[in-house]
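Student: Pasting a predicted model and its sequence here:
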Amino acid sequence: MRGVRRSARGEASGKAHRELDRFDMANEVFHLTRARSELCHRARGATSARRKRPFSTFELLSARECGRTGGAGFAAADRAYVGSRHIPTKGPWGVDEVDSEAYVSQFSADGSLLVAGFRGSRIRVYDVERGWKIHKDISCRSLQWTVSDIALSPDQQFLAYASLSPIVHIVNVQSSGKESHANVNEIHEGLDFTGNEHDEDFGIFSVKFSKDGKEVVIGNNERSIYVYDLAANKVSVRIRAHTDDVNAVTFADESGNILYSGSDDTLCKVWDRRCLVGGKSAGLLTGHLDGVTFIDSRGDGRYFISNCKDQRIKLWDIRKMSSAVRARPVKMVDWDYRWMPFPSEAHHFKHPDDQSLATYRGHSVWKTLIRCYFSPMHRSGGNGKFSLLLILSPAY
C-alpha cells in the first residue's frame, strides 16, 4: 500500500488519502478475485464467447476433452468457476435456537420442508419457502434419550419418529394446529415392533417409509431389520441382518422388494424380500472400515451412498456385490466417535477388497450423526450427484 502524502491541508487531506488507498486496495482485491474465479480467456475462446447465460460445466468439459482449450487442463480460475456453481458459497446462518441438541434432520423430497429432531423430546418442521417459519412444533411421546431418526411419508402428510425404544410414532404434520402434543391435542399413533413381547432393550436407529407410503422399515440394536405393514397394522418381515447394530436401512426403489442396510459390522447388505431363504441377503458390499451410519438410495434399485465412522462416504452399484466377505478389513484403531478425535493414522487405511465405485472424504464423523443424501431429481436431473446434510451436534 502506498504511503499517505502530506499536504498543507493537514488531517482532512490525510484522511481523504487513506480512504483513497482503501478504495484502491478493495478494487485490487476485487479484480484479483474476479481473475481467479472467472473463466480464463483460453476457456472462453474454446466455447461461444458472445452470450449472456453462464457457461455450463458440460460445455467446459466438452471443450477440454475435444482439445479446444489448447491441449491443457483447466486453469485455477476455471476450476474455481466450476466449483462455485456447485459448492455453497453463502452461509451458514441460524434458523432456530432450541434448548437441546439437534440430533437428526431431513429435507422433504421437494425441499419445501426441513424436519429437525432434538434431544429434548422435540421435533420441529420448518417451512423453507416461508422464511424458515415453524410449520409444526411437535412434543414427542415416550422417548428414550433422544429422537434417533425421522422420516417423512412420500406425500409429506405424515412424519414417523423413532427412539431407542421399540415404538415408532406417526404424526400428521399437515393438520391445522401449529403445535402437536402427543395424545393431548393430537394422536401420535404408535407402531409396536415387538408385539406382545415388549423388550425394554430394543432400540431403533433408523426408520424409513416405503415409496408408496404403505410400509415402514426399521433397523435396530438387535442386529435386525423389521418391516411394518401399515394397513395390516403388524410387522410383516423380520430379518436377522447383521452381526452388530443396524444403523441404517432404506427401500431401494418404488417396488419395495429390495432393501439396503448398513451396520456397525462395516458391511452394507442388499436384501430381496421375494427370496429371503434362511434369512440370507442377496449380496453384500465391502469397503468401509468402521460402522456405517447412514444409507440413501438413488431410487433406481441400483445405486446408493453410505456414510461411515471411517470418515468416508462411498458410492455403490449393487451389480458389484458379492455373496460372501472375500477379505477382512484392516483393523481400525480403537476409538469412540462420540468423544474421541479420529486417529490420524487411520486416514491412510484401505480395505483390501473395496467394492465401491467412488470414495468421498473431507467431512468428520465426530460427536454427530452425519447424513448423506442424493440431491433431488429436480436439482440434478438424476445424473448421480449427491449433496450432504451435516448435523453437527453431540451424539451422546
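Tutor: That came in fine, so what should we check first? Residues are numbered from 1 along each chain as shown.
Student: Find the nearest non-adjacent residue to residue 82, please.
Tutor: residue 57 (5.4 Å; Cβ to Cβ, 6 or more residues apart in numbering). Any C-beta I mention is one placed from the backbone N, CA and C, and that applies to glycine too.
Student: which residue ranges form the helices in this protein?
Tutor: For the chain, the helices defined by DSSP state H cover 11-37, 41-46, 57-65, 76-84, 377-380.
Student: Report the rounded mean pLDDT for the first one.
Tutor: Think helix 11-37. On average, the pLDDT along helix 11-37 is 49.
Student: buried set for stretch 98-105?
Tutor: 101-105 (16 or more other Cβ atoms under 10 Å).
Student: avg pLDDT for that stretch?
Tutor: For stretch 98-105, the per-residue pLDDT averages 86.
Student: before we move on, what about stretch 119-133?
Tutor: The average pLDDT within stretch 119-133 is 91.
Student: Provide the contact partners of that stretch at residue level.
Tutor: Contact with stretch 119-133 is made by 95-96, 98-101, 103, 107, 111-118, 134-140, 143, 145-147, 150, 159, 161, 173, as judged by Cβ atoms under 8 Å, 6 or more residues apart in numbering.
Student: Give me the residue ranges of the stretch 101-250 of the chain where confidence is low.
Tutor: Along the stretch 101-250 of the chain, segments meeting pLDDT under 70 span 196-199.
Student: The stretch 101-250 of the chain: strands as residue ranges?
Tutor: Taking DSSP state E, counting those that start in this stretch, the strands of the stretch 101-250 of the chain run over residues 102-107, 113-118, 122-127, 133-139, 149-152, 158-162, 167-172, 179-181, 189-192, 204-209, 215-220, 224-229, 234-240, 246-251.
Student: Please identify the buried residues of the shortest one?
Tutor: The one in question is strand 179-181. residue 180.
Student: That strand pairs with which strands, parallel or anti?
Tutor: Take DSSP bridges as the rule and strand 179-181 pairs in its sheet with strand 133-139 (parallel).
Student: what is the orientation angle of the partner strand with strand 158-162?
Tutor: Comparing the axes of strand 133-139 and strand 158-162 via axes from the mean of the first three to the mean of the last three Cα atoms, to 10 degrees yields an angle of 50 degrees.
Student: Alpha carbons of strand 133-139, as CSV, please.
Tutor: The C-alpha coordinates for strand 133-139 follow below in CSV (Å, rounded to 0.1, in the frame of the first residue of the first chain):
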residue,chain,number,x,y,z
LYS,A,133,-41.1,-20.3,9.8
ILE,A,134,-42.1,-23.1,12.1
HIS,A,135,-44.7,-25.2,10.3
LYS,A,136,-45.2,-27.7,13.1
ASP,A,137,-43.9,-27.9,16.6
ILE,A,138,-44.1,-31.5,17.9
SER,A,139,-43.8,-32.6,21.5
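Student: orientation of it relative to strand 122-127 in degrees?
Tutor: Going by the same axes, to 10 degrees, strand 133-139 makes 160 degrees with strand 122-127.
Student: Now do strand 133-139: distance to the chain's middle.
Tutor: Relative to its parent chain, strand 133-139 has a centroid offset of 22 Å by Cα atoms, centre = their mean, to the nearest Å.
Student: for stretch 276-284, same thing?
Tutor: Here stretch 276-284 is found 27 Å from its chain centre; the criterion is Cα atoms, centre = their mean.
Student: pLDDT value on the residue nearest to residue 82, please?
Tutor: pLDDT, residue 57: 75.
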